[in-house]
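**Q** here is my input, please return the structure:
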Amino acid sequence: MPTDRRNLMVRGALLGAGLASAGIAPVAAGQGTGARFPSKRPAPADRRFVSSAVEQEIARVSRMIADPEVAWLFANCYPNTLDTTVRMATVDGKPDSFVITGDIPCLWLRDSAAQVKSYLHLARQDAKLRELFRGLIARHARSVLIDPYANAFMEDPSAPTALSWAKADDTEMRPGVAERKWEIDSLCYSMRLSHGYWRATRDAAPFDMQWADAMRAIVRTFREQQRKDGPGPYKFQRASRQPTETLLAGYGTPTRKNGMIHSGFRPSDDACQYSLFVPANLFAVTTLREMAQVANEARRDTALADDAVRLADEVATATAQHGIMRLADGSDVWAYEVDGYGNAIFMDDANVPSLSSLAWLGCVPADDARWQRTAKAAWSEANPWFFKGTAGEGIGGPHQGVNYIWPMSLIVRALSTTDDATILQCLATLKRTHAGTGFMHEAFEKDDAAKFSRDWFAWANGLFGELILHIAATRPRLLKMPLDGIKV
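**A** Next up, the predicted model:
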């Protein structure tokens, strides 16, 4: 994010004011049960979207959690997207779902798809949720057709951007576009949303001609950004003191074309140092194949499916050949970014897709030796964006800067491991670093969790809910274990 969002740091006496702006009252953590942990949800009449299935799931899972503070966090965080970010309408007689990120009233393709993921397993039994998903899939399709290079969109497709930091960008800003940072993962999340809904419901209603046109635009855009025949149509520059906010000469640093897809920006919305961003290329391979499954099964569109699979196979081969590197200790790992000339960066960023998230995303097997080496190195001093302090340890990134840990990294680590001790340590850290707010944040300072960014960040809240659901389904005994004695 630009400077406006980098400055959303909350501390001390400002904490209450920051929370009040989102309609949330702070509460001291660790004070007991019942009235000592009052709900931080909006009043029922003020909730943007209500699902009976989600309410039942909150009640069911909360009964499984022994720690009252963790149960309180789950009940606040899990429904946060529905409670506060969903705007339902109709377009051409069909549902339209506009899902904002939280404190920014725009739809990010990535965030919106990730925010609703933890409700997918309930969609088959809840007609209202199916309407939400149908509307969001349609909104994604229309957005991609407006501009497949954009990462964020306005609710009104005819409106200019309302984001102050994007108004002067040197790029082709079309009506309806809020920000035009080219990120491979934005289009991947649209395909993942479609596949998740199809797999959960077998409901073919959203997969109409508009959807197919959007999927063809995704394949076309990925091919353009292989840059085999030139730099392609996308160019972006922004006047900023932050080098992560703009691209060198509008295109990024030079690359040797090798079949991988170029990305201007990472899922943090920060510029890539080298444009061949490995986690997003691996995610593209996986989601292209998922989209092909939907095209085949829901539409019998073999031409679209075959085209997507051919591209996935090509990118997979290229990434396997060019996306690896060796660390100083000789470990063979996935690189974070490469340039095709033999130069590579090893680091990891909390935002997903990341190297740490590859197994959870289904891009590599969880027992893959290279990924395990990579994830171990990412959670260590081999990663310049790994921080350890008195408040906790975890991965951050350039977006919020040195010494700031993202709860998202802890959640993804817990979702990616089968080690009980690691899961409990991550859960204990999350419990101790919400600064009494009852919600997850974008990032917190490694030695003082009261210094944090974004008191209304729905993606992180949804991920926390997803983690608790995952533990309840796979290791319910861990929800009965005390967390207060666990060192973080």
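**Q** ramachandran coordinates for W108?
**A** phi -90, psi 130 (degrees, to the nearest 10).
**Q** just list the residues touching the nearest residue to it once chain neighbours are set aside, thanks.
**A** Excluding its sequence neighbours, the residue lying closest to W108 (CB to CB, 6 or more residues apart in numbering) is A152, at 4.8 Å. All C-beta atoms are positioned from the backbone trio N, CA, C, and that covers glycine. With contact set as CB atoms under 8 Å, 6 or more residues apart in numbering, A152 has these partners: C106, L107, W108, L109, L163, V177, A178, E179, K181.
**Q** make it 7 Å
**A** Counting by CB atoms under 7 Å, 6 or more residues apart in numbering, A152 makes contact with C106, L107, W108, A178, E179.
**Q** check F457 too.
**A** G102, M440, H441, E442.
**Q** quick one: which of the residues you listed is nearest to A377?
**A** Taking CB to CB as the measure, A377 lies nearest E442 of those, at 24.1 Å.
**Q** where along the stretch 151-300 of the chain do the strands fall?
**A** Remark: strands assigned in the stretch 151-300 of the chain by DSSP state E, counting those that start in this stretch are 152-153, 177-179, 276-277.
**Q** most tightly packed of the ones you listed?
**A** Scoring the strands of the stretch 151-300 of the chain by mean neighbour count under mean count of other CB atoms under 10 Å gives strand 276-277 as the most buried, with a mean of 30.
**Q** which residues are contacting that one?
**A** Looking at what lies outside strand 276-277 - CB under 7 Å, 6+ apart - the contacts are I184, T255, M260, H262, S263, R266, E337, V338, D339, G340.
**Q** and these, which two are furthest apart?
**A** Pairwise distances across the contacts of strand 276-277 peak at 17.7 Å for R266 and G340 (criterion: CB to CB).
**Q** the residue nearest to Q237 when sequence neighbours are not counted: neighbour count?
**A** In space, not counting the residues next to it along the chain, Q237 is nearest to D170; the distance is 4.3 Å by CB to CB, 6+ apart. Neighbours of D170 under the rule other CB atoms under 10 Å: 13.
**Q** how far away is D170 from L463?
**A** Relative to L463, D170 is positioned 34 Å away (CB to CB, to the nearest Å).
**Q** and if you look at D339?
**A** If you go by CB to CB, the gap between D339 and L463 works out to 31 Å.
**Q** more neighbours: which of these two?
**A** Between D339 and L463, counted using other CB under 10 Å, the more crowded position is L463 (24 against 21).
**Q** was I right to think that one contacts L410?
**A** No: taking CB atoms under 7 Å as the definition, L463 is not a contact partner of L410, at 9.6 Å.
**Q** circling back to that earlier point, can you put the contacts of A152 in a markdown table and add pLDDT and distance to I58?
**A** Below are these laid out as a markdown table (pLDDT from 0 to 100; distance: CB to CB, whole Å):
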| residue | pLDDT | distance to I58 |
| --- | --- | --- |
| C106 | 98 | 27 |
| L107 | 98 | 25 |
| W108 | 98 | 25 |
| A178 | 98 | 31 |
| E179 | 98 | 33 |
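**Q** identify, from those, the entry nearest to G396.
**A** Ranked by distance to G396 (CB to CB), the contacts of A152 are led by W108 at 19.5 Å.
**Q** if I pick that closest one, what's in contact with it?
**A** W108 makes contact with T101, N151, A152, according to CB under 7 Å, 6+ apart.
**Q** quick one: name whatever helix or strand follows the lowest-mean-pLDDT helix or strand in the chain.
**A** Sorting the helices and strands of the chain by mean pLDDT, DSSP states H and E puts helix 14-20 at the bottom, at a mean of 35. Going down the chain from helix 14-20, the next helix or strand is helix 52-62, by DSSP states H and E.
**Q** hmm, who's touching that next one?
**A** Residues outside helix 52-62 that contact it (CB under 7 Å, 6+ apart): 71, 74-75, 78-79, 82, 119, 122, 125-126, 129, 468-469, 472.
**Q** may I see those residues organised as a markdown table, with neighbour count and distance to M88 added?
**A** A markdown table is the format used below for the contacts of helix 52-62 (neighbours: other CB atoms under 10 Å; distance: CB to CB, whole Å):
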| residue | neighbour count | distance to M88 |
| --- | --- | --- |
| A71 | 20 | 29 |
| F74 | 24 | 25 |
| A75 | 21 | 23 |
| Y78 | 26 | 19 |
| P79 | 25 | 15 |
| L82 | 25 | 11 |
| Y119 | 27 | 14 |
| L122 | 17 | 17 |
| Q125 | 13 | 19 |
| D126 | 17 | 14 |
| L129 | 25 | 12 |
| I468 | 26 | 26 |
| L469 | 18 | 24 |
| A472 | 19 | 28 |
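**Q** give me the neighbour count for T85.
**A** With neighbours defined by other CB under 10 Å, the count for T85 comes to 25.
**Q** same thing with P482?
**A** Neighbourhood size, P482 [other CB under 10 Å]: 10.
**Q** how near is A217 to D83?
**A** According to CB to CB, A217 stands 33 Å off from D83.
**Q** the more surrounded of these two?
**A** Shown here are A217 and D83; by other CB under 10 Å, D83 has more neighbours (23 against 17).
**Q** so that one sits in a helix?
**A** Yes: the assignment for D83 is a helix, going by DSSP: H, G, I helix; E, B strand; the rest coil.
**Q** my guess is it contacts P44. True?
**A** No: applying CB under 7 Å as the test, D83 and P44 come out as separate, 9.5 Å apart.
**Q** where along the stretch 351-488 of the chain do the helices fall?
**A** Assigned by DSSP state H, counting those that start in this stretch, the stretch 351-488 of the chain shows helices spanning 369-378, 407-416, 420-432, 458-474.
**Q** need the winner for burial among the ones you listed.
**A** Mean neighbour count (mean count of other CB under 10 Å) peaks for helix 407-416 among those, with a mean of 26.
**Q** re earlier: okay if I get the contacts of W108 as a markdown table plus pLDDT and distance to V315?
**A** Formatted as a markdown table, the contacts of W108 follow (pLDDT from 0 to 100; distance: CB to CB, whole Å):
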| residue | pLDDT | distance to V315 |
| --- | --- | --- |
| T101 | 97 | 28 |
| N151 | 98 | 20 |
| A152 | 98 | 25 |
